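In: When you get a sec, could you give me coordinates for this:
(2 chains)
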Amino acid sequence: MQIIEQGLGELIQPPDLEAFREWNRTQKSRRLIDKRMTEAEAISRFVTDGCYIGTELYGTVRCPMSLTREVVRQRKKNLRVCGQGVAELDLWLAAGLVKKLDITYIGLEVYGTSHALRRAVESGEVETCVEWSNGAISWRMKAAAMGVPFLPVRAMLGSDTFKYSAAKVVADPFTGMKLCLLPALILDVGLIHVHRADCYGNAQIDGISGFAAEMARASKRLIISAEEIVPTAEIRKSPDRTLIPYYLVDAVVHAPFGSHPGEMAYLYERDDAVYREWIEASKTPEGAQAYLDKYVYGVKTHQEYLALIGKERLAQLVEQRERRE
Amino acid sequence: MTSQPYSKTELMICVAARLFQDGTTAFIGTGIPMLAAMLAAKTHAPGVIPVFEFGGTGAILDKLPRAVGEARTFHRAVVASGICDTMETGQRGFIDYGFLGGAQIDQYGNLNSTTIGNHDRPKARLPGSGGGNDVGSLCWMTVAIMQHDKRRFVPKVDFITTPGFLTGPGAREAAGLPRGSGPINVVSTLALMDYEPETCRMRLVATHPGVSVAEVVANTGFELILPDKVGVNEPPSETELRLLREEIDPQRLYI
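Out: Numbering: from 1, shown residues only, chains lettered A, B, ... in the order given. Purely as a prediction, here's the structure:
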């Protein structure tokens, strides 16, 4: 296939499919092992300085926030991150943990542009931003999930998003049509928050699934946090609901309200007061630091964090949730 | 017609809502497109199928979603899937409309939401493509919704995040984008625009009530095509205003 054009961006995490197969053969147990552990243990065991890491889902929805805060607490450095995380990546950027970004969208949605992103990129603290669309980054994970080195798509073409990506344009050998090839993205670590999981890591999500299925299959290490830990019998009763099977998973963390201040479909609403507190605070480096001192460094565990938010407030968020009807 | 006063934003939402066609699918982004889709569904297009990129299709929009992934985007929906499914549905030609925003737009409808200034050392780092590039590439017809001023309507966008007609006629197809897809309208705080078929350049269709053609021209940083006859958009009806204020955005998050 002849390469017609290529993006100028760095391929931050070049995929090695043979090594990925070897990894999956030698490093991922097929046995049913109890993988329950705390946020602190999971992050210290599986997240290393300089690793390539990603979070799922988007905006303030089903965010692995208890894991995100623990990454900040343990001050993991020089992270290479793929990103559409809003609440998560904002914290990492503000804490100065991010070195390189495969960026799709980092912003505050209705509340505008991210102050933490602007400071980190405009100052040059983040060394490089490689551009992708939301579809493209998910398809890159899908390619890894399929075990193939790239996927051809019809997005990105003709744009500067392509020009500053690490994608390539080729002529399709069958039809001759121009296609954008997206390189597979194999993450060192993926963080995904789910509604329920058993102790082995079999995980189910209610509502939209975002790109959880793809990220789970594209990650060498996968940390699941779950609102609820259920007996395996519950999983086996409805195996059709299992999005992430146990053998993909390295750690299972029980994290009720794990998406706070984000929301969790059918369980609790976004905590707009705390989220807006972040948005105000993050306007200055000092404000962001004060927020991190209060909500991250100032509490040792997710349980302490929840105590800080308060039972009453959490009960209100449950009351305000979107219901199935 | 109505004697009630209304804001520019309310009018922009109404003009955008009237572009939705009943029985079509439409990708909906955060903000004004959500209000426009709800208003369309409550008036002339009850059969419009909203598609939210992270997996919600066919939601009943009773309450205004504040984010593209929140539970309201799949409230009583027909399917809650994931982003690969919705984007691939677009790639197969199933999504009719896409509603987009941006920090800058040019005469060919290219949109920028990535950087102001140089990409590698930007003056301002904006959020990035999000689903914008996918929507602008894969939907049949895209509508941009914009504040209208010279900082936003520029001769050349600093960064083409989302493709419009790129450099003009034939450029989308030459780049490999799906045949027959592209921008169709721009709804701004001042007017409704479309694109001249022969040149793919932006053309004024109708101004908002009380806005002169000269005012639109003065707030546009490139040469807008002016047809012989420029219409005037209908102001919001009493029904539209009541729906917007009482049912769609009672907390006045946007209006």
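
In: show me where the stretch 201-325 of chain A has helices.
Out: For the stretch 201-325 of chain A, helices defined by DSSP state H, counting those that start in this stretch occupy the ranges A:212-218, A:232-237, A:272-281, A:285-292, A:302-309, A:311-319.

In: Could I get the average pLDDT for stretch A:224-237?
Out: For stretch A:224-237, mean pLDDT is 98.

In: Send me that stretch as PDB with only the CA atoms.
Out: Provided in PDB are the C-alpha atoms of stretch A:224-237 (Å, rounded to 0.1, in the frame of the first residue of the first chain):
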ATOM      1  CA  ILE A 224     -11.600  -1.800  37.400                       C
ATOM      2  CA  SER A 225     -13.400   0.100  40.100                       C
ATOM      3  CA  ALA A 226     -16.900  -0.900  40.800                       C
ATOM      4  CA  GLU A 227     -19.900   0.700  42.600                       C
ATOM      5  CA  GLU A 228     -20.800  -2.800  43.900                       C
ATOM      6  CA  ILE A 229     -19.000  -6.100  44.300                       C
ATOM      7  CA  VAL A 230     -21.400  -9.000  43.500                       C
ATOM      8  CA  PRO A 231     -21.200 -12.700  43.900                       C
ATOM      9  CA  THR A 232     -20.100 -14.500  40.700                       C
ATOM     10  CA  ALA A 233     -23.400 -16.300  40.700                       C
ATOM     11  CA  GLU A 234     -25.000 -12.900  39.900                       C
ATOM     12  CA  ILE A 235     -22.700 -12.500  36.900                       C
ATOM     13  CA  ARG A 236     -23.400 -16.100  35.700                       C
ATOM     14  CA  LYS A 237     -27.100 -15.500  35.900                       C
END
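
In: what about it, distance to the chain center?
Out: 21 Å (C-alpha atoms, centre = their mean, to the nearest Å).

In: mind listing what's buried in it?
Out: A:I224, A:S225, A:A226, A:E227, A:I229, A:V230, A:I235 (16 or more other C-beta atoms under 10 Å in any protein chain shown). All C-beta spots, glycine's among them, are computed from the backbone N, C-alpha and C.

In: how about the first one, what does it touch?
Out: A:I224 makes contact with A:I192, A:H193, A:V194, A:A197, A:G201, A:A203, A:I244, A:V249, A:A251, A:V252, A:V253 under the criterion C-beta atoms under 8 Å, 6 or more residues apart in numbering or on different chains.

In: Give me the subset of those residues lying in strands.
Out: Judged by DSSP state E, strands contain the following of the contacts of A:I224: A:I192, A:H193, A:V194, A:A197, A:A203, A:I244, A:A251, A:V252, A:V253.

In: Out of the residues you listed, which is nearest to B:T115?
Out: Using C-beta to C-beta, A:I192 comes nearest to B:T115 of those, at 29.7 Å.

In: How confident was the prediction at the closest one?
Out: Reported pLDDT for A:I192: 98.

In: what's the burial count for it?
Out: A:I192 has 31 neighbours, counted by other C-beta atoms under 10 Å in any protein chain shown.

In: measure it to A:C51 for me?
Out: Distance of A:I192 to A:C51, given as C-beta to C-beta, to the nearest Å: 16 Å.

In: Over to B:D96?
Out: For B:D96, the distance to A:C51 - C-beta to C-beta - is 42 Å.

In: now A:V121
Out: Applying C-beta to C-beta, the value for A:V121 to A:C51 is 21 Å.

In: Then B:E173?
Out: On the measure of C-beta to C-beta, B:E173 and A:C51 end up 42 Å apart.

In: Repeat that for A:S225.
Out: Distance from A:S225 to A:C51, by C-beta to C-beta: 18 Å.

In: Also B:D106?
Out: Where A:C51 is concerned, B:D106 sits at a distance of 40 Å (C-beta to C-beta).

In: quick one, longest helix in chain A?
Out: helix A:134-146 (DSSP state H).

In: Parallel or antiparallel, list what pairs with the helix or strand following that one.
Out: Downstream of helix A:134-146, the next assigned helix or strand under DSSP states H and E is strand A:150-153. If you go by DSSP bridges, strand A:150-153 pairs up with strand A:178-183 (antiparallel).

In: Nearest spatial neighbour of B:P155, chain-adjacent residues omitted?
Out: Computed as C-beta to C-beta, 6 or more residues apart in numbering or on different chains, the closest residue to B:P155 that is not its neighbour in sequence is B:F222, at 4.7 Å.

In: circling back: so between B:D106 and A:C51, which is more surrounded?
Out: Legend: neighbour count by other C-beta under 10 Å for B:D106 and A:C51, higher for B:D106 (21 against 18).

In: Can I get the buried residues of stretch A:224-237 in TSV including distance to B:W140?
Out: Below are the buried residues of stretch A:224-237 laid out as TSV (distance: C-beta to C-beta, whole Å):
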residue	distance to B:W140
A:I224	39
A:S225	40
A:A226	40
A:E227	39
A:I229	46
A:V230	44
A:I235	41
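
In: Go through those and name the one nearest chain B.
Out: Chain B lies nearest to A:E227 out of the buried residues of stretch A:224-237, by C-beta to the nearest C-beta, at 14.2 Å.

In: Was I right to think the closest one contacts A:V194?
Out: Yes: the criterion here is C-beta atoms under 8 Å, and A:E227 meets it with A:V194 at 7.4 Å.

In: isn't B:G168 right next to B:Y108, touching?
Out: Yes: with contact defined as C-beta under 8 Å, B:G168 reaches B:Y108; the gap is 6.2 Å.

In: quick one: common contacting residues for these two?
Out: B:C200, B:R201.

In: Can you name every helix or strand that the helix or strand in which A:L93 is found contacts?
Out: Assessed by DSSP H and E, A:L93 sits inside helix A:87-94. The contact analysis (3 or more C-beta pairs under 8 Å, 6 or more residues apart in numbering or on different chains; DSSP states H and E) places helix A:87-94 against helix A:65-73, strand A:79-83, helix A:115-122, helix A:272-281, helix A:285-292.

In: For residue 157, grab the count of nearby residues.
Out: Let's take chain A. By other C-beta under 10 Å, 24 other residues sit near A:L157.

In: ah, I was thinking of chain B
Out: 24.

In: same check, this time on A:E286
Out: Neighbourhood size, A:E286 [other C-beta under 10 Å]: 9.

In: How about A:T175?
Out: Applying other C-beta under 10 Å, we find 8 residues neighbouring A:T175.

In: Mind checking what secondary structure it has?
Out: coil (DSSP: H, G, I helix; E, B strand; the rest coil).

In: Against chain B, how distant is it?
Out: A:T175 is 11 Å from chain B, where distance means C-beta to the nearest C-beta, to the nearest Å.

In: before we move on, what about A:K99?
Out: For A:K99, the distance to chain B - C-beta to the nearest C-beta - is 15 Å.

In: Skip the chain neighbours and tell me the closest residue to that residue.
Out: Nearest to A:K99 is A:N78, by C-beta to C-beta, 6+ apart, at 4.4 Å.

In: Surely that neighbour and A:Y52 touch.
Out: No: under the criterion of C-beta under 8 Å, A:N78 is not in contact with A:Y52, lying 10.6 Å apart.

In: Comparing these two, which residue is more hemmed in?
Out: Set A:N78 next to A:Y52 and count neighbours by other C-beta under 10 Å: A:Y52 wins out with 20 against 14.

In: On the pLDDT front, check that one for me.
Out: On the pLDDT scale, A:Y52 gets 98.

In: Nice, that's everything, thank you.
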